[in-house]
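*Asks:* Got a sequence here, can you build the structure:
(2 chains)
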Amino acid sequence: MSKLMKIFTGDSFILSIVAIIMGLILGALVMLIGGYDPFEAYSALLTRVYGDSYNFGEAIREMTPLIMTGLAFAFAARTGLFNIGGEGQFLIGMTAASIVGIHVHGLPVYIHAPLAVIAGAVFGGLWAAIAGYLKAARGVNEVISCIMLNWIGLYLSNMIINNYALLDGENRSVDIQPTASIAIGWLSEMMGNARVHWGTVIALLAAVFFYIFMWKTKQGYELRAVGFNQDASKYAGMNVNRNVVKAMFISGAFAGLGGAFTVLGVFGYQSVMASSPGTGFDGIAVALIGMNNPFGIILGSILFGTLTYGSAGMSFSADVPPEIVRIVIGAIIFFIAAQGIVRWVLKPFYAKRKKEKVL
Amino acid sequence: MDTATPVVELKQITKRFPGIVANDSISLKLQKGEIHALLGENGAGKSTLMNIVFGLYQPDEGSIEIDGKPVIIDGPNRAIELGIGMVHQHFKLVQPFTVTENIILGSEPRKGARINYRKATEEIRKLSEQYGLRVDPNAKIHDISVGMQQRVEILKTLYRGADILIFDEPTAVLTPQEISELMEIMQRLIQEGKSIILITHKLKEIMQIADTVTIIRRGKVIDTVKKTETTPQELAEKMVGRNVSFKVDKKAAEPGEVVMYMENILSKNKDGMAVLNSLNLQVRAGEILGIAGVDGNGQTELIEALTGLRHVDGGKITLHGKDITNLTPRKVTESGVAHIPEDRHKHGLVLDFSVSENMVLETYYKAPYNKNGFLQYDEVDKKATRLVEAFDVRTPSIHTMARSLSGGNQQKAIIAREIDKNPELLVAAQPTRGLDVGAIEFVQKQLIAQRDQGKAVLLISFELDEIMNVSDRIAVIYEGQIVGEVLPEQTNDQELGLMMAGSTVKRGAAHE
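*Replies:* Below is the predicted model:
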């Protein structure tokens, strides 16, 4: 547990917090220039999210898939891969869960729902493993194959829904079987029908799994070694190519789970989409804010979810355009990436600390 | 002592980093027209001091005077203005650019909006002739030898009008021939009125070329002496702080049965050219076989083929009679081969792993480190603690990142790990490269200790002295073939040198 403590007192945690504060300040400046009251705006944002139980539940719904796509990106990043294909893996996960949820009949809920969830994870993982395989076998850069797989994933999903599960006359699939639903009925009722679901619990468990797998197991050791130094890993007798495919599979499984939750827990059906939902890309931002640390990602998605979900409230009661929130998020990521600026702001504090250390 | 104003004078320079004083009130005078060597072990603070002179760091205390005038050097640009040039250990060149393009980068002569290449090329050619650098201004960097790349770095500083040149470990990457060429160039520079600071830990070079030597140990100046008034022995003792023996103590070898046998090995590179060609080699138990050769004659490929990192296209490698040709690196390791790799940063360590994690790089999947798929960090740490103590790896903690250890201690960590595997055959590729006297002594002793325990040791080194001192038998490699075998006590540098050059004179041309 001392490791956990270190996360919160460590250099990178402080840098993240300062970057977030600077991002919020920059957003406030933009609002001032635009003639809005930033205090009113931010308080409206917070009231919206944390003011009543319905909206709180809905905000959690917003955060859950971000945890998953954030974990997906971070897992690959920890093993030296840039998985920009979270979007496609998310969509394939959705579609796999939909098909299992719609077309498998006669199973009890405790088998059907997990089966649909697992289908989402497996197919999301396989989708990512394609990019991993291409890299391992043919040396194709995973960024390029992932971007292409995102588009293929989008149209393939639409095609499958159109052909095999379309609700007549609508631009969406038929509803999933009730036995495949992972919504938490009683909690939902308590929270004014907010769409809360078991996926959130699984997402938190997934973060714990991420931590244990990466830092406690033999496999994780191997993946991290490959991520840091492929040559040394080869020298040490590890199979680098197999690790690349494995890492992509696990990474994609995280994203696929996120997609499965969205179908099975939130909507109960899948729409035919004109464009990607963007959850996969937002996951990259969340992973950056969370410094690729699973617990940092939970915090990152709380921040990201709060800002995006609250932005609606901001525009509603403070009349501030919700796009401002995108500026804030962009600024936060900028400050996190440009650590030099944050360090410069912190310099006076650091100088003091350093002196103490030397003495 | 000297009445003339020094070209550079450092006064009481102190530089602190968190937890360490890298330079502790260091004073140094560089006279015009001299080569002033800065001698010290790895991590003694030589590079920090020179980075201060070149404006990359600011001193916490102390001042710098150039030609008697106090100056503040707040960046490399300011240093260049003041006539200071630095030839870095790791070249800072753009590979696909030509020599001219690299040299003018950042201070391009213009003709209107365009770069005046003709003028630049002309000027570089003139400089090159003046100092005897023999550089073709139109050659691309990736086409020229390492030695010539270094001369391009020297030209770069001269082109910017440097009068004071700092050489940071310039010979670390050079072959013996290139080293003597560099020595000539440095003398030429002095004749033309330049002054040189030479950072090094090689005593041989200092005795050959320096005028004055300043010895630094743990951030402090120990002494400044004239070369003519000192001996290598004295310098080494001042640098390390204790007695050092240059001679390697060892008993006569008692070779046993053949442990490793390489027969007619053929290996081709991507272009289908044979990099190893009908190569035959055997190593016996209880002996150190040294491979001598000029860099690039198949040494790297030989090790890769042996350790499973390179595909063998023909021939057979056996270990105790068991065929290990083209096995995976893991299988080779498991058959009893340990490998101290040539490039410790690239192959030997995962620099972002802790010392502890690095200690199980090849054994993490075995008991007791792996139990049901979970890594047993208690066991790993126990092993690391034991090895760090036994091999005197100086690290603040076993949980320190391997990256933050000095080169010598990184190498000790690797050697500890490899020897602890209790191998049948120990392959040591350039095990002392870049290490200081104390660490070299340690490494060589370990190799001999392995031999005395009846292990077979294969040593590859470009340092002829090391091959001569440590090996029991020497095989010479030339163009992917073993061209001869000699006993160290029955040969000398000249004979080996000739064999390494393929017994003909065509070697010299191959470097250009």
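
*Asks:* what number of residues lie near residue 304?
*Replies:* Let's take chain A. 26 (other Cβ atoms under 10 Å in any protein chain shown). For every residue, glycine as well, the C-beta is placed using N, CA and C.

*Asks:* oops, I was thinking of chain B
*Replies:* For B:Glu304, using other Cβ under 10 Å, the count is 24.

*Asks:* and it, what is it in contact with?
*Replies:* Residues near B:Glu304 by Cβ atoms under 8 Å, 6 or more residues apart in numbering or on different chains: B:Arg310.

*Asks:* Find the closest residue to chain B in the stretch 201-350 of chain A.
*Replies:* The nearest approach of the stretch 201-350 of chain A to chain B comes at A:Gly237, 2.9 Å away (Cβ to the nearest Cβ).

*Asks:* so who does the nearest residue to that residue once chain neighbours are set aside touch?
*Replies:* Distances taken as Cβ to Cβ, 6 or more residues apart in numbering or on different chains place B:Arg330 nearest to A:Gly237, at 2.9 Å, with adjacent residues excluded. Contact analysis of B:Arg330 by Cβ under 8 Å, 6+ apart lists A:Ala236, A:Gly237, A:Met238, B:Gly308, B:Glu362.

*Asks:* Dump those to JSON lines, plus pLDDT and secondary structure.
*Replies:* Listed next are the contacts of B:Arg330 as JSON lines, based on pLDDT from 0 to 100; DSSP: H, G, I helix; E, B strand; the rest coil:
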{"residue": "A:Ala236", "pLDDT": "94", "secondary structure": "coil"}
{"residue": "A:Gly237", "pLDDT": "92", "secondary structure": "coil"}
{"residue": "A:Met238", "pLDDT": "94", "secondary structure": "coil"}
{"residue": "B:Gly308", "pLDDT": "93", "secondary structure": "coil"}
{"residue": "B:Glu362", "pLDDT": "93", "secondary structure": "coil"}
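
*Asks:* In this structure the residue of the stretch 201-350 of chain A closest to chain B contacts B:Glu362, no?
*Replies:* Yes. Using Cβ atoms under 8 Å, A:Gly237 makes contact with B:Glu362 at a distance of 6.0 Å.

*Asks:* Name the residues contacting each of these two.
*Replies:* Residues touching both A:Gly237 and B:Glu362 (Cβ under 8 Å, 6+ apart) are B:Arg330, B:Thr333.

*Asks:* Check what pLDDT the residue nearest to A:Gly237 gets.
*Replies:* Here, the pLDDT recorded for B:Arg330 equals 95.

*Asks:* Please identify the helix or strand for it.
*Replies:* helix B:329-334 (DSSP states H and E).

*Asks:* and that helix, C-alpha only, in CSV?
*Replies:* Extracted C-alpha coordinates of helix B:329-334, given in CSV (Å, rounded to 0.1, in the frame of the first residue of the first chain):
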residue,chain,number,x,y,z
PRO,B,329,18.0,-17.0,-26.6
ARG,B,330,16.1,-18.5,-23.7
LYS,B,331,17.0,-22.1,-24.6
VAL,B,332,20.7,-21.1,-25.1
THR,B,333,20.7,-19.5,-21.6
GLU,B,334,19.1,-22.6,-20.1
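
*Asks:* Going by neighbour count, list what's buried in it.
*Replies:* Under the neighbour-count criterion of 16 or more other Cβ atoms under 10 Å in any protein chain shown, helix B:329-334 has B:Pro329, B:Arg330, B:Val332, B:Thr333, B:Glu334 buried.

*Asks:* Nearest to chain A among the residues you listed?
*Replies:* Within these, the smallest distance to chain A is 2.9 Å, found for B:Arg330 (Cβ to the nearest Cβ).

*Asks:* just to revisit the earlier point, out of the contacts of B:Arg330, which comes closest to B:Leu38?
*Replies:* For these, the closest approach to B:Leu38 (Cβ to Cβ) belongs to A:Ala236, at 37.0 Å.

*Asks:* which parts of chain B sit against chain A?
*Replies:* By Cβ under 8 Å from any Cβ of the partner chain, the part of chain B that sits against chain A consists of B:16, B:18-19, B:307-309, B:328-333, B:339, B:341, B:346-353, B:357, B:361-362, B:364-365, B:370, B:373-375, B:377.

*Asks:* so where's the chain shaky on pLDDT?
*Replies:* Let's take chain A. Counting by pLDDT under 70, the ranges of chain A that qualify are A:1-10, A:349-359.

*Asks:* Chain B, not that one
*Replies:* Looking at chain B by pLDDT under 70, you get B:1-3, B:19, B:244-246, B:503-512.
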